[in-house]
Structure formats: structure tokens, C-alpha cells
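J.: Have a look at this fold, sequence not included:
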């Protein structure tokens, strides 16, 4: 039985998953904790599962294309008393992992950390990133790319809200804060900026505006979230080795 379970939801992440798992493995070295890696393969049609297995991760297969349900499936399979949810395109730092574990050991119900986007971003992406990072911290929300909580807190709040197809991390952050202490670490992880590179500012900002105008109900429909659930576009920076 592990003391810390890293849960990685993945859909067609063959290209990026290996680096994510390697970063978690490196960050976990030297910890006085037993660790398990759980990749939740949600209907992938590429080699995602093979990459996960090659790096020693347990693979949980689901077919729902629903991020909240996928995260919950990983938590159900996990044995750790502490859960760390990491997106498959995110590189964790040892400092963030150590900070998360220390926070939970000190009594926090859960939390998140700062985050940066990798690679070159278009102008609108740089502006969006400059706003998003401090906004998440000001609002006390964990980003979806790195959220942690104790198993007891996860169970107490009922896990991720499966009526939501997006913003599930915000709902989870608020639920955990109501349950106990919720912290946003200053330590950071690096997540992929591929969506900001692959979509135009008009597409991304237009989607965000529509979601803001429609309110929470918009997150209850997959068809309004094409940037996240639509066909994935190639990352323009992929050929240069950036994520």
C-alpha cells in the first residue's frame, strides 16, 4: 500500500506522458514515502497505455471522455492516504511535490501550486498566462494540472463533481476549502502551452467569454468545451522539442 498516489488522467498522451512520469519519479526520489503512479487511460487510441506500463505505472482503463469521472476513477484505484492529481502534459518539480506532501502532513485537506506554461506562447497567450496565474492564487484555486488532497478529504467532499465537464478543479478547490485548510504553494510546476499555440486568440478568448456569459451551466455540457474535448490540434512547437 502506497502513502502517496499520483493520479494522471490521459487521453492520447503517448508523446508527452513519458516525460510527465519521469518527472514524477525524479521528484519522488528521496522522499520518506511509498509512491504509486496511476495513469487513467480514457479511451486513448494511441500508445498511451504502453508508455505508462513501460514506466511502471498502473493503468486504469475507462471510456467516458469526462475529466471529472476520469480523475475519480484514478482515486478509486489508488491506495495512498495522499492523492496528487497531475495532468499528463505537466512536469512537476521536486519542490512542488515535497511542498504538497509537507502541507498534507501538517494537516491541510488539500491544495495546489503555482504553474507556468512551457514553450513559446503567442502574445494573447502570454497576456492570458500573466493574468491566470495570479488570478488562481488570489481566488485560492488549484489549477487542474496539479491538485492534491488527502484521501479522507477527497471522500468527505465526494470527489470531483461529475456533473461538470470543465472547471472541476475549481469546484474541488472550493469543496476542499469548506472541509479544511486549503493551501496554494509558491512552488511551481510546468504545464503545456500547446492549446494556446494551437488555437487562435479569437478561439480561446471567445470560448472563455461565452462560458463566462453562460455561467456554471455551460460546464455541464461537453459540446460547449471543444478546446478541451474536440479533436486535438498539432502543437506548432512539437518539432522543436518543446511540449
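T.: All right, it came through fine. It should be emphasised that the depicted structure is a prediction, and the values quoted were computed from it without experimental measurement. Numbering: from 1, shown residues only.

J.: hey, where'd the strands end up in this protein?
T.: 4-10, 35-42, 58-62, 82-86, 90-91, 110-117, 146-150, 182-191 (DSSP state E).

J.: what's the most buried one of those strands?
T.: Mean neighbours per residue, mean count of other C-beta atoms under 10 Å, is largest over the strands of the chain for strand 146-150, with a mean of 28. Where you see a C-beta, it was placed from the backbone N, CA and C, and this is true even at glycine.

J.: now that one: mean pLDDT?
T.: The predicted model gives strand 146-150 an average pLDDT of 98.

J.: Return the list of helices and strands in contact with the lengthiest helix in the chain.
T.: As assigned by DSSP state H, the longest helix anywhere in the chain is helix 123-139. Under the contact definition 3 or more C-beta pairs under 8 Å, 6 or more residues apart in numbering; DSSP states H and E, helix 123-139 sits against strand 110-117, helix 194-198, helix 201-214.

J.: export these to a markdown table and tack on mean pLDDT?
T.: Output for the helices and strands packed on helix 123-139, formatted as a markdown table (pLDDT from 0 to 100):
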| stretch | mean pLDDT |
| --- | --- |
| strand 110-117 | 96 |
| helix 194-198 | 94 |
| helix 201-214 | 87 |
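
J.: Please identify the most buried of those.
T.: Of the helices and strands packed on helix 123-139, strand 110-117 is the most buried (mean count of other C-beta under 10 Å), at a mean of 23.

J.: Give me the residues contacting stretch 128-139.
T.: Residues outside stretch 128-139 that contact it (C-beta atoms under 8 Å, 6 or more residues apart in numbering): 112, 114-117, 121, 142-143, 184, 193, 196, 204-205.

J.: What does the pLDDT read for residue 44?
T.: 96.

J.: Distance of it relative to residue 168?
T.: The spacing between residue 44 and residue 168, counted by C-beta to C-beta, to the nearest Å, is 20 Å.

J.: Over to residue 188?
T.: 21 Å.

J.: again, but for residue 111
T.: 16 Å.

J.: residue contacts, the residue positioned nearest the centre of the chain?
T.: The residue lying closest to the centre of the chain (C-alpha atoms, centre = their mean) is residue 145, at 2.6 Å. Taking C-beta under 8 Å, 6+ apart, we find residue 145 in contact with 86, 87, 89, 90, 115, 189, 191.

J.: closest one to residue 72 among the helices and strands packed on helix 123-139?
T.: strand 110-117 (14.8 Å; C-beta to C-beta).

J.: Counting by contacts, list what the closest one packs against.
T.: Using 3+ C-beta pairs under 8 Å, 6+ apart: strand 110-117 touches helix 94-105, helix 123-139, strand 146-150, helix 168-179, strand 182-191.

J.: Give me whichever of the ones you listed is most buried.
T.: strand 146-150 (a mean of 28).

J.: how far out from the middle of the chain is it?
T.: 10 Å (C-alpha atoms, centre = their mean, to the nearest Å).

J.: what's in contact with it?
T.: Contacts of strand 146-150 (C-beta under 8 Å, 6+ apart): 81-87, 90, 92, 96, 100, 103-104, 108-113, 115, 142, 169, 172-173, 176, 189, 191.

J.: Of all the helices and strands packed on helix 123-139, which one is nearest residue 53?
T.: Nearest to residue 53, of the helices and strands packed on helix 123-139 and by C-beta to C-beta, is helix 194-198 at 24.2 Å.
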